[in-house]
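# Generate a structure from the sequence data that follows.
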Amino acid sequence: MSEEPRRRRVVLVTGLSGAGKASVLRALEDLGFEAIDNPPLRLMDQLLAPDPGGGPLAIGLDARQPSFDADAAESLIEGLRARPDLDVSLVYLLAEDEVLLRRYTETRRRHPLAPQGRVADGIARERILLAPLGAIADVVIDTSTLAPADLRAMIEAQYGFSNHTAMTIGVVSFSYARGLPREADLVFDVRFLRNPHYVRELRPLTGLDAAVDAYVAADADFGAFWARMTGLLDALLPRYVREGKKYLTIGFGCTGGRHRSVAVAERMAAHLKEGGWRATVVHRELWRSAEEARLAAVAPSSGPVAEAR
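Just a heads-up that it's a prediction; the model follows:
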């Protein structure tokens, strides 16, 4: 019996300007992909001509080209997905408007869709223009509260393994006061657990500290909650894989996003890894707090302080 022909791996990266496309392309390049940023759509057929020996490709697609057409890009992507010689994945990156505005302000860059006008207008125009691609993406990542290292870890977990048909699971902790994570598929509310915030010696710590983790786990209701939740997930995850899902995000929320949700998220990531799953963990509010503190320490006149991701 002849072996099934090897499919060339292609990752298409698109999304809002300033949301992190360049960082994702660099991460993929470090993983062995040949990265090509924003080629004209009319040249895509030539770039992806059948090549049995071709290596993996990472291609950035965005609206910088004056002739960019989202409908044409959508048709192109669907056609590539139908090819038997390609394994195509579409990554869509987005961020909140105020985050994108801040990144452009920090780097003093002009928005490609508003070179002579307001950055906010360019962001709004691009969000509408690229919406069709976001709707068909395989992986959607909101980078508003992601540290660059966390974004890289997510890309490495998803695309850095030879067995890339398995599902990667992202675990995120968050504060309900700041809203649900947009990328979350499943969300668990852990505010019913007793709150370390009200214990004086635990308040300055986080769920990454052993004392906080032990306090959360010692709650009278934690054991039953954990057993039922892990039992549910252990049954659901193989079904998601069977349906072809490549990336799943599980969120854990509490009041401040620093104690209970962090501790439970860490335990869940460890549980998943013990079960053989590829899992990454992101603590949204811990990164946000550190980033806000960094920005507060930078004087307005100090110039660019960070690369627009």
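
# I'd like the distance between V11 and D138.
9 Å (C-beta to C-beta, to the nearest Å). For the C-beta atoms, the positions are set from N, CA and C on the backbone; glycine is no exception.

# Touching both of those two, which residues are there?
Common neighbours of V11 and D138 are listed as S89, L90, V91 (criterion: C-beta atoms under 8 Å, 6 or more residues apart in numbering).

# Produce a PyMOL select command limited to the buried residues of the residues you listed.
Buried subset of these, written as a PyMOL selection, criterion 16 or more other C-beta atoms under 10 Å:
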select buried, resi 89+90+91
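
# Put together a markdown table for the shared contacts of V11 and D138, with distance to M167 and secondary structure on each row.
Output for the shared contacts of V11 and D138, formatted as a markdown table (distance: C-beta to C-beta, whole Å; DSSP: H, G, I helix; E, B strand; the rest coil):
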| residue | distance to M167 | secondary structure |
| --- | --- | --- |
| S89 | 13 | strand |
| L90 | 16 | strand |
| V91 | 15 | strand |
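
# Among the shared contacts of V11 and D138, which one lies nearest to P204?
Nearest to P204 among these: V91, at 37.4 Å, using C-beta to C-beta.

# close enough to count as contact, the closest one and V10?
No. Look at V91 against V10 with C-beta atoms under 8 Å: they stay out of range, at 11.2 Å.

# about what we covered before: V11 and D138 - which one has more neighbours?
For V11 and D138, the more surrounded residue by other C-beta atoms under 10 Å is V11, and the numbers stand at 26 against 17.

# would that one count as being in a helix?
No. Counting by DSSP: H, G, I helix; E, B strand; the rest coil, V11 falls outside a helix, being strand.

# is it in a bridge, and if so with what?
Beta bridges link V11 to A58, S89, judged by DSSP bridges.

# distance of V13 from L86?
From V13 to L86 the distance is 16 Å (C-beta to C-beta).

# E126 is in contact with Y104, isn't it?
No. Taking contacts as C-beta under 8 Å, E126 lies outside contact range of Y104: 12.0 Å.

# residues shared between the contacts of those two?
Listed as contacting both E126 and Y104 by C-beta under 8 Å, 6+ apart are H111.

# Could you break this structure into its assigned domains?
8-164, 169-295 (automatic domain parsing).

# Comparing the ones you listed, which yields the minimum mean pLDDT?
With a mean of 85, domain 8-164 has the lowest mean pLDDT of the domains of the chain.

# mind saving the C-alpha coords of stretch 239-253 as CSV?
This file holds the C-alpha atoms of stretch 239-253, laid out as CSV (Å, rounded to 0.1, in the frame of the first residue of the first chain):
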residue,chain,number,x,y,z
ARG,A,239,-15.0,14.7,21.4
TYR,A,240,-13.7,18.2,20.4
VAL,A,241,-10.7,16.5,18.8
ARG,A,242,-13.0,14.1,16.9
GLU,A,243,-14.9,17.1,15.5
GLY,A,244,-11.7,18.6,14.2
LYS,A,245,-11.1,21.4,16.7
LYS,A,246,-7.5,22.4,16.8
TYR,A,247,-7.5,24.9,19.7
LEU,A,248,-9.7,25.2,22.8
THR,A,249,-9.5,27.9,25.4
ILE,A,250,-10.8,27.3,29.0
GLY,A,251,-11.3,30.3,31.2
PHE,A,252,-11.4,30.6,35.0
GLY,A,253,-12.7,33.8,36.5
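
# Number the chain from 39, please
New numbering, starting at 39: the last item is stretch 277-291.

# related to what we said a few turns ago, E164 and Y142: which is more packed in?
Comparing E164 with Y142 by other C-beta under 10 Å, the one with more neighbours is E164, at 24 against 20.

# following the strand or helix carrying the more buried one, which helix or strand comes up?
Here E164, judged by DSSP states H and E, is contained in helix 157-173. Per DSSP H and E, the first helix or strand lying C-terminal to helix 157-173 is strand 177-180.
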